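# My questions are about this predicted structure, shown below with the sequence.
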Amino acid sequence: MALACSLKRRKNARTALSLLFANTLLAGGVGMMFSSVTYAEAAASETHYYNIPSGPLSKAINAFAAVSGMYLGGNSELLKSKNTQGFVGEYSAGQALDLLLIGTGLSYEAGEGRSIVLIDTESVSEGENGITMSMLLVQGRQNKVEAGVQVIGSEEIEAMPTEGGNLTDLLRTNTAVNFSRSSSSSTGSGSMRPDEVSIYGQDYYQNAFMIDGIDTSNDFDPGSSAAGDSYTNPISNANLSTLSGSSPQSYYMDIDALEQVKVYSSNIPVEYGGFMGGVIDARLRRYDGEDEVFIKYGLSKSEWEKFHFDKRKAEEFYGADSVSGAYTPEYKKQNYSITALKRLSDNVGSTLTISRKTSEFRQQYENRSDEVKSIYYDDTIDNMMARIDAKVNDRVDLGFSFRYSNRFHDGLTSKDYADTFVKSHTAYGVGNNFEYRFDNSVLTVDTAYDRSFDELDSESNVYTYHPTENFYNGLPYSGGYGDILQQQDTLSINTKWVRDAIVLGRTQHTFTLGTDLAFKKAFYEAKGSEFYSYTCSLLPSSGTGESAGCLDSNSDDIHDEKDEYLKTYGVLSANKLNKNYQSHAVYLQDKVEINNWTVTAGIRADHETLLDNINISPRASLQWNVFGDSRTTITTGTSRYYGRSFLKYAINDEMQSWYTSTQYNSDGSIKKGPTANSGKFANFADYDLNTPYSDEIMFRIDQVMGPVDTSLTLVNRESHDGVQRVKSKENKLYYYTNEGRSSNNSIELAFQQRTPFEVFNTLTKANFSIGWQESKSNAQGDDGYEETVEDEERVYYNGEVIDFADLPSWDYNIPFTVKLSTTTNIPAWHLKWSNFVNVKSGGVIAYRDTSSSYTDVDGNELQVYKDKNFDDLVTLDTKLRFSPPLWKDSEGYIELKVTNFFDQVMMITTSTSATAVQTFTSGRKISMEVGMRF
């Protein structure tokens, strides 16, 4: 029975209740109001596939809303202690709601737009203002397919066989997303660091990471993450710089705290800015109407992993002979989390997720005294994410959030300077989401304050060199590099106003107007350190130099520090640097609908005071609903995206000046100095940098084929004004320039199953995609925007002269991928089985052949580049989850995850030298997890 018919029956039975829609908005989850009840009835006639298990009605109501796209309101008390029998199949919204409410004693009415209100006559009251109802704290959010957007809902998040439970792990099913070739080294599994991602071949540090509508990306020095983890040598005070191993992600979020992630890869709405790649928009878990607590514990360890490494390095590997964390044959990873959902009142709900992920692994090294030392590293990620959401009245929704994320790990300064350190990557912040529904529009205001920082806490701030220790085969080096703090504070205020559709002649216009404001403060502090380097008063005559120690210069028959003198004294002065800057943006968009056509035209203007550029981003798309039934649509669009600028540009030169050194003669007199280690970088004002940008053209066809949604997407990205570093031949200073260029062409064919197929009482849903990309770039290294580039425009490559910018991209460049994900439910056995198959071609990089050169027709000698090819790789990740009911309103589960089930690997070494150490991707890994919900 369609909802329209059901509504007529219910309205005849309760004519008084129809007054409700004339007197008040039924807005427990009601979004913007569109036209009339007739529209709701038409929308409700759409059929969808439902798989709603028996259980609490409050949870089932949210599942119904997510699938149907209908919004529900009513008295929240109606849901308490009520259960649904559940149902499976393809139904209209009215049919599904009838089945959902069987035995509950509840009914429903249609409201404006896509809204429905749940009704129990005993809960309806009539006062001076007419008939009223309290708000129902549930919201339905339908996962609709949009061009260029991947929506990962809570069910998909739970089903994915992720390895680390990190945000970027969820993106492995997206063909627009590439991971670094070195992100999955088989010998370094002990690390807890989340992977970075590139979208459509753009720089991995040019993505925007959003949480609840606020950009939380790290702008201090995200390009330094190319160096990876810093378990050793995180900084050299004689060559002071920002801390390596930072990340564009300020928050290393646990996916247990998320209810939805949207990945915008193309045709990105005008409301988003500050990226050249894409937008990863995470939404923290909201209260869904039922009080619940989830607890879990997970475990993986080295005994459950198959390692692959260069057999020539077997001794080093099994000995964990690497203070940098590259060899971790012994590790133990554990994760703990608790998530609680609690109703605070009829209109207020709260959520809280607390988690810890730990890794313990051993490292070993041999010092200069031939002593073998073992050290044990701890690598930990802590998370706490919380929200409180309130329905203030029928017009106002409020949300408050708190977020905290901290990754910290041990390290050893070096094999020589053997003091340890702790390095952390931390962020915390608070946010507020405000939504006000006018009669004909909706206003949202999102505000937040976030602080992110990288900190180095060393065991010592003094490091020394005593050559006389060599005489007794002692240790001439000692100490550590001191403490460093780099920090970014951001106050964000984002507003968006959306006007309901306005009919002008034969067209409907939906206007969107918004502003983004961010006030940022950068802070860098060196807390001071000292360096003492001594030299021998008398050197041995054998010519071995100080490696043999010092002669007994004072004839006391002891070789000690009295036989030395201070040669160099270096000091990093305790110093601080502050930099304030702001970014401002305004955008306007008009969505025009006429017959079967939809034209979306928008423009965004950004300004930030660091580079002092005004950037105009036009974005437009055209969609044709070919037959008017939404089964065949064609979308094309063109957009410009402006990227981010980074604080490191502005502070490099000033930091260099903080370190001074003085050289002494043997009698203690000053030989030279004190001199500052400055003059390496030009003044920031001399750079005159443009903001990097990317131009996109996209074309997409969507076709509904029975229970499957099919899409073909073509995207072209041409990126300009990328920031690189060059060294001036005239004054030998480093400059940042806009010489970066890249291009990417991509084709994707995707099949998304809308309705699961049933075989022997099992339900299986599958997604399948094939992707091809061609990425070119004139950045041929791993140093991000810090790469020092040569002044060369033409090179000889594969038998022809080409532009340097036409060489294949060095990393994040997998040309061909096939991705298949399946989820199978076996309700009778309480089993869920998830699989992810990833097929990727190895691709090529272009390396410089220094043994040859080429002279072109004009007599110019060109550098020669050749291809290095990588093998193809096929992997299968699988997860089996058994969730038996334990007692009333509770269930437990045990989960087995196996990544790279068939233990297939490929070599990822970029060096072409015959003696280069071969590095491989990760082999088979097994992990276990147990949990409970009550």
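Structure received.
# End to end on stretch 235-244, go ahead and measure it.
Taking C-alpha to C-alpha, to the nearest Å, the first and last residues of stretch 235-244 lie 7 Å apart.
# now that stretch: mean pLDDT?
Average pLDDT, stretch 235-244: 79.
# Flag every buried residue along it.
By neighbour count with 16 or more other C-beta atoms under 10 Å, stretch 235-244 contains the buried residues 235, 237, 240-244. (C-beta placed from N, C-alpha, C; glycine too.)
# Could you pull out the strands in the stretch 201-350 of the chain for me?
With DSSP state E, counting those that start in this stretch as the criterion, the stretch 201-350 of the chain has strands at 208-211, 214-215, 258-264, 279-284, 292-305, 331-345, 348-366.
# Residues contacting the first one, please?
For strand 208-211, the external contacting residues (C-beta atoms under 8 Å, 6 or more residues apart in numbering) are 167, 215-217, 248-251, 253, 272-275, 278-284, 401, 403, 431, 644.
# From the chain's centroid, how far away is that strand?
Centre-to-centre, strand 208-211 and its host chain are 8 Å apart (C-alpha atoms, centre = their mean, to the nearest Å).
# That one: partners in the sheet, and parallel or antiparallel?
With DSSP bridges as the test, strand 208-211 is paired with strand 214-215 (antiparallel), strand 279-284 (parallel).
# which helices and strands sit right next to the host helix or strand of Phe523?
If you go by DSSP states H and E, Phe523 is part of strand 507-526. On a contact count with 3 or more C-beta pairs under 8 Å, 6 or more residues apart in numbering; DSSP states H and E, strand 507-526 meets strand 484-499, strand 502-504, strand 575-594, helix 648-656.
# Let's see that with 7 Å instead.
strand 484-499, strand 575-594 (3 or more C-beta pairs under 7 Å, 6 or more residues apart in numbering; DSSP states H and E).
# Would you mark the buried spots in the first one?
Neighbour counts using 16+ other C-beta under 10 Å place 484-490, 492, 494-499 of strand 484-499 among the buried residues.
# Over to the longest one?
Using 16+ other C-beta under 10 Å as the burial criterion, the residues of strand 575-594 that qualify are 575, 577, 579, 581, 583, 585, 587, 589-593.
# Tell me what the closest residue to Phe519 other than its chain neighbours is bridged to.
Nearest in space to Phe519, with sequence neighbours left out and distances taken as C-beta to C-beta, 6 or more residues apart in numbering, is Leu491 at 4.5 Å. Using DSSP bridges, the beta-bridge partners of Leu491 come out as Tyr449, Phe519.
# quick one: the residue located most distally from the centre of the chain from Gly784, how far?
Within the chain, the residue lying farthest from the chain centre (C-alpha atoms, centre = their mean) is Ser555, at 64.4 Å. In this view, Ser555 and Gly784 are 56 Å apart by C-beta to C-beta, to the nearest Å.
# those strands in the stretch 551-700 of the chain, which residues are they?
Counting by DSSP E, counting those that start in this stretch, one finds strands in the stretch 551-700 of the chain at the ranges 564-572, 575-594, 597-608, 613-625, 632-642, 659-664, 670-676, 693-705.
# if we can go back for a sec, off-centre distance for the strand holding Phe523?
With C-alpha atoms, centre = their mean, you get 19 Å for strand 507-526.
# if we look at the helix or strand just after it, which residues are touching it?
Reading on from strand 507-526 to the C-terminus, the next helix or strand found by DSSP H and E is strand 529-536. With contact meaning C-beta atoms under 7 Å, 6 or more residues apart in numbering, strand 529-536 is reached by 237, 461-468, 481-482, 546, 550-551, 563-572.
# and with 8 Å instead?
So strand 529-536 is in contact with 237-238, 458, 461-468, 481-482, 546, 549-551, 553, 561, 563-572, 661, going by C-beta under 8 Å, 6+ apart.
# Buried ones among those?
If we count by 16+ other C-beta under 10 Å, the contacts of strand 529-536 have these buried: 237, 458, 461-468, 481-482, 546, 549-551, 553, 563-572, 661.
# mind listing what the nearest residue to Gly931 once chain neighbours are set aside touches?
Nearest residue to Gly931, sequence neighbours excluded (C-beta to C-beta, 6+ apart): Lys296, at 3.4 Å. Neighbouring residues of Lys296 by C-beta under 8 Å, 6+ apart: 256, 335-338, 929-932.
# which one of those is nearest Asp721?
Nearest to Asp721 among the contacts of Lys296: Asp256, at 39.5 Å, using C-beta to C-beta.
# residue contacts, Leu352?
339-340, 342, 384-386.
# make it 7 Å
Contacts of Leu352 by C-beta under 7 Å, 6+ apart are 339-340, 386.
# sorry, back to before: make JSON lines from the buried residues of stretch 235-244 and add distance to Tyr91 to it.
Formatted as JSON lines, the buried residues of stretch 235-244 follow (distance: C-beta to C-beta, whole Å):
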{"residue": "Ile235", "distance to Tyr91": "62"}
{"residue": "Asn237", "distance to Tyr91": "68"}
{"residue": "Leu240", "distance to Tyr91": "66"}
{"residue": "Ser241", "distance to Tyr91": "61"}
{"residue": "Thr242", "distance to Tyr91": "57"}
{"residue": "Leu243", "distance to Tyr91": "56"}
{"residue": "Ser244", "distance to Tyr91": "56"}
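# Just the closest of those residues to Met907, please.
Relative to Met907, and with distances defined as C-beta to C-beta, the nearest of these is Ser244, at 25.7 Å.
# That closest one and Ala238: what is the separation?
Ser244 sits 15 Å away from Ala238, going by C-beta to C-beta.
# Equivalent analysis for Glu455, please.
20 Å.
# got it, and Lys819?
Relative to Ala238, and taking C-beta to C-beta, Lys819 is found at 47 Å.
# What is the burial count for the nearest residue to Lys301 once chain neighbours are set aside?
Of all residues not flanking Lys301 in the chain, Lys332 sits nearest, at 4.6 Å (C-beta to C-beta, 6+ apart). Burial of Lys332 is recorded as 14 neighbouring residues (other C-beta atoms under 10 Å).
# Equivalent analysis for Asp370, please.
Per other C-beta under 10 Å, the neighbour tally for Asp370 reads 7.
# Tell me the confidence at the residue nearest to it when sequence neighbours are not counted?
Spatial nearest neighbour of Asp370, excluding adjacent residues (C-beta to C-beta, 6+ apart): Asn473 at 7.5 Å. For Asn473, the model assigns a pLDDT of 87.
# Phi first, then psi, for Asn473.
Per-residue torsions, Asn473: phi 60, psi 40 (degrees, to the nearest 10).
# In JSON lines, list the strands of the stretch 551-700 of the chain along with mean pLDDT and distance to Thr507.
Below are these laid out as JSON lines (pLDDT from 0 to 100; distance: least, C-beta to C-beta, whole Å):
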{"stretch": "strand 564-572", "mean pLDDT": "95", "distance to Thr507": "65"}
{"stretch": "strand 575-594", "mean pLDDT": "95", "distance to Thr507": "5"}
{"stretch": "strand 597-608", "mean pLDDT": "96", "distance to Thr507": "9"}
{"stretch": "strand 613-625", "mean pLDDT": "96", "distance to Thr507": "14"}
{"stretch": "strand 632-642", "mean pLDDT": "97", "distance to Thr507": "18"}
{"stretch": "strand 659-664", "mean pLDDT": "94", "distance to Thr507": "65"}
{"stretch": "strand 670-676", "mean pLDDT": "90", "distance to Thr507": "66"}
{"stretch": "strand 693-705", "mean pLDDT": "96", "distance to Thr507": "23"}
